[in-house]
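**Student:** I'll drop the sequence and a predicted model, then ask my questions.
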Amino acid sequence: MGKTPWRSAHFCVVDLELSGLDPCSDEIVSFAAVPIDSGRVIVGSTLYGLCRPTRQLPEQSVLVHGIRMVDLAEAPPFDEAIQPLVVAMTGRVMVVHVAWVEQSFLGRALARQGIRLREPVLDTYELGRLLALERKAPSAPRALDELARSLTLPVHRQHHALGDALTTAQVFIALATHLDEFTSETVQSLSRAKHRTRSHWNRHA
């Protein structure tokens, strides 16, 4: 898998909406998955789901993603709700924006079910930084919407799991395509984006 040219690999772009940013105490309230095959988004196979939390949602999180407790009243509990996502991710390389969030929350959640989060995980934020370095440009924006606009891509519904997953999917394809212009990219080389960026700065420090 690692040496597979990226266009030959199968990816699953994942986005989560949360009750907060502490994986020890906060919960996943919604998720989305967008598959990519042959360098193209498979729109007809996208996935979106809601999870009923065990605790009241903080007002601050509701203000961010707009999901209220009443919206989750009929949603299944997390361990049940997440099963379609597990299926969607099986056999695919996960792609996310700012990887620590999804890795922290999904890693803990899946571990409770005896499932290990598969590696590698590709991070569009790190890929954006690498492309900026290759282009000798200022560092890439951290925010997903700003990164998408810097690539002249549309921004789908923000702070909605499916909207952000679709934006991330388009950003990933664009970044991988642009990086391919400098060197032939594989799953492995894309997964090492952070290391490649750090190595460059260490050499030129």
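**Tutor:** Received it, and whenever you're ready, just let me know what you need.
**Student:** how about the strands in this protein?
**Tutor:** Using DSSP state E, the strands of the chain run over 10-18, 28-37, 40-41, 47-50, 93-96, 121-123.
**Student:** for the shortest one, packing partners?
**Tutor:** With contacts taken as 3 or more Cβ pairs under 8 Å, 6 or more residues apart in numbering; DSSP states H and E, strand 40-41 sits against helix 161-180. Yep, even glycine has a C-beta here, placed from its N, CA and C like the rest.
**Student:** now the helix it packs on: average pLDDT?
**Tutor:** For helix 161-180, the mean pLDDT works out to 98.
**Student:** how about stretch 83-96?
**Tutor:** Averaging pLDDT along stretch 83-96 yields 96.
**Student:** now do the same end-to-end measure for that stretch.
**Tutor:** Taking Cα to Cα, to the nearest Å, stretch 83-96 runs 19 Å from one end to the other.
**Student:** buried residues in it, which are they?
**Tutor:** 85, 88, 89, 92, 93, 94, 95, 96 (16 or more other Cβ atoms under 10 Å).
**Student:** looking at those residues, which is nearest residue 12?
**Tutor:** residue 92 (3.9 Å; Cβ to Cβ).
**Student:** tell me how many other residues surround the residue nearest to the closest one when sequence neighbours are not counted.
**Tutor:** Residue nearest to residue 92 in three dimensions, not counting chain neighbours: residue 12, with 3.9 Å by Cβ to Cβ, 6 or more residues apart in numbering. Neighbourhood size, residue 12 [other Cβ atoms under 10 Å]: 23.
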